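Asker: I would like the atomic coordinates for the input below:
(chains A and B)
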Amino acid sequence: MTPFPFSAIVGQDEMKRAMILTAIDASIGGVLVFGDRGTGKSTAVRALAALLPPIRAIRNCPVNSAKAAEVPSWANLKSKRGHVVPTPVIDLPLGATEDRVTGALDIEKALTKGEKAFQPGLLAKANRGYLYIDEVNLLEDHIVDLLLDVAQSGENVVEREGLSIRHPARFVLVGSGNPEEGELRPQLLDRFGLSVEVASPTDINERVEVIKRRDAFENDNAAFMLRWQAEDAAIRDRILKARKSLGKLKTSEKTLRDVAELCLALGSDGLRGELTLLKAARAYAAWRDDTALTRAHMRAVAAMALRHRLRRDPLDEAGSGTRVARTVEEVLG
Amino acid sequence: MDSWDQATLALQLLAIDPALGGITIRARTGPVRDALLALVDPRTKRIHPAISDEALFGGLDLSATLTSGHLVEERGLLAKPSPMILSMAERAPVRLAAHLAIALDKNIGHTLIALDEGAEPDESVDPKLAERLAFQVDLSAVSRHQISAEPPCVAGQPPTQCLALPVVPPEVTKQVTQIAAELGIDSLRAPLFALRTARAHAILQNRDTIIKDDVEIACALALAHRATRIPEPKPQEPDAPSPAEAQDKDANDTLDLPDELLLDAVRALLPNDLLDQLATQKARQGRGNGSGAARKGNRRGRPLPSRAGRLSDGARIDIIGTLRAAAPWQTIRRNATGGPGLHIRPADFRIKRFEEKSDRLLIFTVDASGSAALTRLAEAKGAVELLLAQAYARRDHVALIAFRGVGAELLLPPTRSLVQTKRRLAGLPGGGGTPLAAGMRAAFEQAEHAARRGLTPTIAILTDGRANIALDGSADRKQAGMDAQQMARVLRANGTDAIVIDTGNRPEPALRNLAQTLDAAYLPLPRADAARLSRSVATALGD
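Answerer: Modelled structure (predicted):
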């Protein structure tokens, strides 16, 4: 079944914006979506997958290599012809075992043919695409550690059971969860580039519109998809255009100073905040088709780039989004 | 419509429209449930909480492959859309719930009948899974005599293709969405399920239009069980507190101080590493029953010697151990089968085992009685907040129980969410008697439940120790004290760690005794500091 069209998602502008920004510049480093159940988190992720431009990859390559030279030797591919595939979006279910995530000895081949072969895991499949973790805050700690390590190095290293394998694992991490059920370790929080909070719409008309569209999608699929196809295509073209113009964007010394001042005022740990804010603002400027980075761009993305990086005061109830907004107001005027 | 009729109707609707996801049936095993399941399509596949990933998704049947000597593939249950019955759904591990949720999300015709056999109110189907099932019916109150003699046939429903899909008028969409919002249902899946239900019901009745009846039944089946509040005809003004009440409130909260000041004050009274102290102290004591915080798993932690076992999902094979076990038999097996190479039988498998520390659950049992409220409920809250901050740093789970009046109440089931705990704590009212034993019993129940789930519970009791309500609810000071001692012995026998924090004006000997019976740490919050606290607060506030 084709996923729900991205452009048909009602409201949730911040979430949609964050996802588009990571699609423009994958190095921003993923999105974390926190919100209640049934607010369209997974719908948006799957819609994004369908929206993204397809990639060229070598046929049957376990890590979706772009060029024949990049296919790992353990894959034992006979022909290395390329074909066009949709951007991979891989689900990492809760409770997935370490073996399934990193890959492990292919027991089937080991026992039946006596071959020592590697069976690639979810990280291999997600290379050059997206890795989606629903309920990321309930993920077991040892899987989280593993993801942190791979997300940082962009490479998955398996050294066990007599195997010694390394393969590229560069993916955009998309996590979603419900903060009421548990919190995320600060180390993993920091690893997400952007973070957004979603809630069910409170306006009854908006809710009705959501239901109407979803109902039309489920029961009158063909007509509904036809109606939104063009809008999805427009977003796709705009993403592609933005990717191209990203390199030409000018960043002034003054903007860099603004970014640093903002992060300093907020007291965010490390320099990842500055880098992400800058990248997100640039991607946003490219999306808006502007030629130079301005404070307006920074204002639009500051909350999503910084709210999860503030030193958390466990006894502070107010959301950190408001803290960011206040500081942005003070620093950027 | 009673719940039996609801259940049978829901099963009929599910057969018409699999996209409804499924139904949660809460009932213990018995004739009523059996009668209901007899209506279900006999081809329905049965799954259980311990089902392996291979059985769900397909893969290599390892034991059969090794025994027969050639490749035996298993077909996964989820490969083909089909109805499934999940027995003991409340025991389903989060892994299975996540897999099933993803399968249902794909919307390719899987339906799930989740049989919830939970005995306690807090044992229920994983919310992630329940959210994706349209219906929920509780059959526990239905007796077998109520079952209608001729139940409708569920299997082999009227063909869905023959009928044109009933058109939902826009005003119905709006109405259903509005009702869902008024019932306090945040998720937008609920109104969608309701619309589908209405449509399926119209098909069941052989109609191609949706009438009021369909919508009513849809709301009853798909919305009612998700409601979080009773809709009110119109928003009412919150009653202004009468002057007398306001005065009472003042009298109760003698320390109506800004939170931060209070927090600072209590911080000075509690050792910083209280939780750590507690842990080491217990470790030193060394209990006879050997139930420590360690738990044996097979995935992570400190390695233990490997052991013979089945290669089920999640288990990691110890290759060296397996080879060592198989080595002595090689000659015999080679002679027996004549085949060259290595002969490994399922019995040779050695599974890696690890020992890991389980998560800790801190159960705060807070005295909210009149005597405590009169003195230092606010300070007790502050103490809990400080412990919460420590618990947060250690990634512990917390639960909150308050006892006042004639009983105890679980304010917050075990969670890691600090925000929620703080909110519940802030809203904790005070007043009434001190049913200490009831509070301890509630804590004990939580501790037992947590231990079953693999957590290591620790109980923190905050009270002034003047128990005056017995377990049966009677106001008998002597009996209440005996009951509390009795509960303490039960807790101790169970091996649950505990800490007793005395919030009374002066250390209460009875409470020290109780702590001794509990084999727990005893910690009085000294009054003198609180007096100094209120003085310094007065100066801080200026006038």
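Asker: Next up, the contacts around residue 7.
Answerer: Because you didn't say which chain, this covers chain A. A:228, A:231-232, A:234-235 (CB atoms under 8 Å, 6 or more residues apart in numbering or on different chains). The C-beta positions use only the backbone N, C-alpha and C, and glycine is treated the same way.
Asker: Hmm, no, I was thinking of chain B.
Answerer: By CB under 8 Å, 6+ apart, the contact set of B:A7 is B:23, B:25, B:36, B:137, B:139.
Asker: nearest to chain A, of the residues you listed?
Answerer: B:I23 (17.9 Å; CB to the nearest CB).
Asker: So for stretch A:282-297, what gets flagged as buried?
Answerer: Within stretch A:282-297, the residues that count as buried by 16 or more other CB atoms under 10 Å in any protein chain shown are A:282-287, A:293, A:295, A:297.
Asker: actually stretch B:431-441, not the one I wrote
Answerer: Applying a neighbour-count criterion of 16+ other CB under 10 Å, one finds B:431-441 buried in stretch B:431-441.
Asker: Check stretch B:130-140 too.
Answerer: Buried, per 16+ other CB under 10 Å, within stretch B:130-140: B:130-137, B:139-140.
Asker: Per the annotation, how does the chain divide into domains?
Answerer: With no chain named, the answer covers chain A. A:6-198, A:249-332 (automatic domain parsing).
Asker: meant chain B actually
Answerer: B:3-152+B:161-226, B:251-288+B:358-540, B:294-357.
Asker: What mean pLDDT does the longest one get?
Answerer: Over the span of domain B:251-288+B:358-540, the pLDDT mean works out to 71.
Asker: and it, does that touch chain A?
Answerer: Yes. With CB under 8 Å from any CB of the partner chain as the measure, domain B:251-288+B:358-540 is seen reaching chain A through B:263, B:385, B:388-389, B:392-393, B:395, B:415-420, B:422-423.
Asker: Show me how to select, in PyMOL, the buried members of these.
Answerer: Burial among these is assessed by 16+ other CB under 10 Å; the matching PyMOL selection reads:
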select buried, chain B and resi 263+385+388+389+392+415+416+417+418+419+420+422
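Asker: Show me the residues of domain B:251-288+B:358-540 next to chain A that map onto helices.
Answerer: B:263, B:385, B:388-389, B:392-393, B:418-420, B:422-423 (DSSP state H).
Asker: Can you give me the neighbour number for B:P170?
Answerer: 10 (other CB atoms under 10 Å in any protein chain shown).
Asker: so who does the residue nearest to A:V301 when sequence neighbours are not counted touch?
Answerer: Residue nearest to A:V301 in three dimensions, not counting chain neighbours: A:A280, with 4.2 Å by CB to CB, 6 or more residues apart in numbering or on different chains. Counting by CB under 8 Å, 6+ apart, A:A280 makes contact with A:21, A:25, A:28, A:193-194, A:301, A:304-305.
Asker: pretty sure A:R214 belongs to a strand, no?
Answerer: No. In this structure, A:R214 is helix, not part of a strand, as judged by DSSP: H, G, I helix; E, B strand; the rest coil.
Asker: looking at it, it is touching A:F4, isn't it?
Answerer: Yes. Using CB atoms under 8 Å as the test, A:R214 is close enough to A:F4 to be in contact (7.3 Å).
Asker: Show me the two of the ones in helices among the residues of domain B:251-288+B:358-540 next to chain A that sit farthest apart.
Answerer: B:A393 and B:R423 (19.7 Å; CB to CB).
Asker: Can you check my assumption that B:L11 lies in a strand?
Answerer: No. B:L11: not assigned to a strand; according to three-state DSSP it is helix.
Asker: Looking at the stretch 51-200 of chain A, which residue is nearest chain B?
Answerer: A:G95 (2.4 Å).
Asker: closest to B:G76 among the ones in helices among the residues of domain B:251-288+B:358-540 next to chain A?
Answerer: Using CB to CB, B:Q420 comes nearest to B:G76 of those, at 37.9 Å.
Asker: Can you list which of the buried residues of stretch B:431-441 are found in helices?
Answerer: Using DSSP H, these in helices are B:436-441.
Asker: Get me the contact residues on the stretch 1-150 of chain A for chain B.
Answerer: Contacts of the stretch 1-150 of chain A with chain B, taken as CB under 8 Å from any CB, map to A:1, A:36-40, A:42, A:91, A:93-100, A:107-108, A:111-112, A:114, A:134-135, A:138, A:142.
Asker: Quick check on those residues: which are buried?
Answerer: A:36-40, A:42, A:91, A:93-100, A:107-108, A:111-112, A:134-135, A:138.
Asker: thinking again about what came up before, check the buried residues of stretch B:130-140 against B:I85 and report the nearest one.
Answerer: B:L133 (12.5 Å).
Asker: how close does the residue lying closest to the closest one once chain neighbours are set aside sit to B:A222?
Answerer: Take B:L133 and drop its neighbours on the chain: the residue closest to it by CB to CB, 6+ apart is B:G22, 4.1 Å away. Noted for B:G22: a distance of 12 Å to B:A222, by CB to CB, to the nearest Å.
Asker: Kindly state the pLDDT recorded for B:F354?
Answerer: 72.
Asker: returning to that earlier point: OK, contacts around the residue of the stretch 51-200 of chain A closest to chain B?
Answerer: Contacts of A:G95 by CB under 8 Å, 6+ apart are A:140, B:93-96, B:98-99.
Asker: need those residues in a markdown table with neighbour count, can you?
Answerer: Written out in a markdown table, the entries for the contacts of A:G95 read as follows (neighbours: other CB atoms under 10 Å in any protein chain shown):
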| residue | neighbour count |
| --- | --- |
| A:E140 | 17 |
| B:P93 | 15 |
| B:V94 | 17 |
| B:R95 | 18 |
| B:L96 | 26 |
| B:A98 | 25 |
| B:H99 | 23 |
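Asker: which ones among those residues are found in helices?
Answerer: Per DSSP H, those map to helices at B:94-96, B:98-99.
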